[in-house]
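Student: Whatever this is, show me its structure:
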Amino acid sequence: MSGRVCDSGHLTPVDQAIEHLLDQAPPPPEVQTIALDQALGRVLARDLTAPLSLPGWDNSAMDGYACCAADLPPGGGWLTLGGRIAAGQAAAEPLLPRQAARIFTGAPLPPGADTVVPQEHCRANEGLVWLPATVAGEHVRKEGEEVRRGQLLLSAGKRLRAQELGLLAAVGIARVEVYRPLRVCLLSSGDELREPGQHLAPGQIYNSNRYCLSALLRGWGVEVYDYGVMADALAASRDALSLAASECDLLLTSGGVSVGEEDHLKQAIEALGSLDFWRLAIQPGKPLAFGAVAGKPWLGLPGNPSAALITALVVLRPFLLRAQGLSEVLPRPLALPAGFDWLQRNKRRQYLRARLVPRADGQVWVELHPQQSSAMLMAACWADGLALVECEQQVRKHDSVSFLSFAELMQ
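Tutor: Numbering: from 1, shown residues only. Below is the predicted model of the structure:
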């Protein structure tokens, strides 16, 4: 992502805000030791080295016949059969000269063998087997070719996925040290908010941010403590924040960080801790607040649904990942051709809801949803991710643009 700082007056560049937040991220929670089958999605707290090699011995990569390649003449030849080795077994005796053993995938090579010939290339007949000429080492998985004993397997700060759990199981690791899941308080601000299913009076709206942000947080591996909606009153806001700070590692609110006269959230934060208020050079979104409540970090997102979503994906996500102990927290944009013109210059970096569309030449390019409002989520539901247009930049069709995939941003 570009670190370019635009000439944006009092707007804080997005990358600068992220860098500041990462510098202020709290240390990760305490370490827990848990069983491997409970570790999916958890963040590794200690480097892990391999207690054994993978494979642990030379073994067959095919069903076929194990032999010494030097025993076969250039045109192939007949060898005597000397045993049968299945996976989970070991050869009872080493191979004799000009002898082959029937072997199955994963079985250890018998002493004296250096090669496996696939069974479809062979002919067996009354204690003999014909094998074509071969090269020593073919179809053999060598001891330690994947992992050597003592080698670094995984580094601390890695979120454990299915493949990492499989690798740890393959080397016999049954328990791992991970960070406790981060506990995040989620609060909404606004007397106009109602829950889905409730009746709406004039001027009221349903609380979409509560469900959208809660889903994002769970996807990022945190435990969500949902405190509902704070009333737009100073005392109520202060009480809700005090309770949340006593039970959670980090506080997150949506709404109440603009300049509205009825927003008492900022006053409550200042009364309980500290407050920084930024106007980010980001669209959708702009208001972002950061501070502390009773010593716990707090972030305040904008209230408009699409602005809350984008700001959470772009700014909140790396902060939360770092607070969980992850080492890699920034997304990796793809450089792809634009399938659109964007000629309006803006003092804020644009995060446009976009999707990847196949072209006739087999490549893909980025197309935009026609509606990019900060209050609407339909475009995000249609989209595969976000196309970035830097401040004061114009984009013409076929220009290269940075694309951030929702698939990466939401995990």
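
Student: Average pLDDT for stretch 264-278, rounded please.
Tutor: The average pLDDT for stretch 264-278 rounds to 84.

Student: Show me what counts as buried in it.
Tutor: For stretch 264-278, the neighbour count (16 or more other C-beta atoms under 10 Å) marks His264, Leu265, Lys266, Ala268, Ile269, Leu272, Gly273, Leu275, Trp278 as buried. Just so you know, the C-beta spots here come from the backbone N, C-alpha and C atoms, and that holds for glycine as well.

Student: What sits closest to the first one if chain neighbours are left out?
Tutor: Spelled out, it's His264. Computed as C-beta to C-beta, 6 or more residues apart in numbering, the closest residue to His264 that is not its neighbour in sequence is Leu234, at 4.4 Å.

Student: dump the residue contacts of that neighbour.
Tutor: His264, Gln267, Ala268, Ala271 (C-beta atoms under 8 Å, 6 or more residues apart in numbering).

Student: how much space between it and Val257?
Tutor: 15 Å (C-beta to C-beta, to the nearest Å).

Student: Kindly report the same for Gly203.
Tutor: For Gly203, the distance to Val257 - C-beta to C-beta - is 20 Å.

Student: ok, these two, which is more surrounded?
Tutor: More neighbours surround Val257 than the other of Gly203 and Val257, with 25 against 7 (other C-beta atoms under 10 Å).

Student: hang on, isn't that one packed against Leu299?
Tutor: No. Look at Val257 against Leu299 with C-beta atoms under 8 Å: they stay out of range, at 9.3 Å.

Student: shared neighbours of these two, anything?
Tutor: Shared contacts of Val257 and Leu299, counting by C-beta under 8 Å, 6+ apart, come down to Leu288, Ala289.

Student: Quick check: beta-bridge partners of the nearest residue to Phe406 once chain neighbours are set aside?
Tutor: Excluding the flanking residues, the one nearest Phe406 by C-beta to C-beta, 6+ apart is Gly385, at 4.8 Å. Beta bridges link Gly385 to Ala354, Ser405, judged by DSSP bridges.

Student: so who does Gly385 touch?
Tutor: Ala354, Arg355, Leu356, Phe403, Leu404, Ser405, Phe406, Ala407, Leu409.

Student: now the third one: how far from Trp382?
Tutor: The spacing between Leu356 and Trp382, counted by C-beta to C-beta, is 12 Å.

Student: Compare those two (neighbour count), which wins?
Tutor: Shown here are Leu356 and Trp382; by other C-beta under 10 Å, Leu356 has more neighbours (18 against 15).

Student: Which residues does whichever strand or helix holds the more buried one contact?
Tutor: Secondary structure assignment for Leu356, by DSSP states H and E: strand 349-358. Applying C-beta under 8 Å, 6+ apart, the contact partners of strand 349-358 are 6, 13-14, 281-284, 306, 310, 314, 336, 339, 342, 364-369, 372, 379-380, 382-391, 403-404.

Student: Quick check, Ile269 in contact with Leu275.
Tutor: Yes. If you go by C-beta under 8 Å, Ile269 and Leu275 touch, sitting 4.7 Å apart.

Student: Mutual contacts of those two, please.
Tutor: Counting by C-beta under 8 Å, 6+ apart, the contacts common to Ile269 and Leu275 are Ala289, Gly291.

Student: show me what contacts Trp146?
Tutor: Quick fix: residue 146 reads Glu, not Trp. Contacts of Glu146 (C-beta under 8 Å, 6+ apart): Leu54, Pro55.

Student: when you give positions from now on, start the count at 278
Tutor: Shifting the count to begin at 278 puts that one at Glu423.

Student: low-confidence ranges in this protein?
Tutor: 278-286, 535-540 (pLDDT under 70).

Student: how near is the most far-flung residue of the chain relative to its centre to Glu370?
Tutor: Computed with C-alpha atoms, centre = their mean, the maximum C-alpha offset from the centroid of the chain is found at Glu403, amounting to 56.4 Å. Separation of Glu403 from Glu370 (C-beta to C-beta): 21 Å.

Student: Equivalent analysis for Gln640, please.
Tutor: Applying C-beta to C-beta to Gln640 and Glu370 gives a distance of 58 Å.

Student: same question, Ala364
Tutor: With C-beta to C-beta as the criterion, Ala364 and Glu370 are 19 Å apart.

Student: And Ala584, by the same measure?
Tutor: 73 Å.

Student: Please apply the same query to Gln560.
Tutor: Noted for Gln560: a distance of 75 Å to Glu370, by C-beta to C-beta.

Student: between the two, who's got more neighbours?
Tutor: Shown here are Gln560 and Glu370; by other C-beta under 10 Å, Gln560 has more neighbours (19 against 12).

Student: so the more buried one sits right up against Leu665, yeah?
Tutor: No. Gln560 is beyond contact range of Leu665, at 10.9 Å (criterion: C-beta under 8 Å).

Student: Could you check how far stretch 521-541 is from the centre of its chain?
Tutor: 27 Å (C-alpha atoms, centre = their mean, to the nearest Å).

Student: residues contacting Ser337?
Tutor: 343, 362, 380-386, 393, 416-418.

Student: quick one: which of the contacts of Leu511 is nearest to Cys399?
Tutor: Cys399 lies nearest to Ala545 out of the contacts of Leu511, by C-beta to C-beta, at 79.0 Å.

Student: sorry, back to before: mind listing what's buried along the strand holding Leu633?
Tutor: In strand 626-635, counting by 16+ other C-beta under 10 Å, buried: Arg626, Gln627, Tyr628, Leu629, Arg630, Ala631, Arg632, Leu633.
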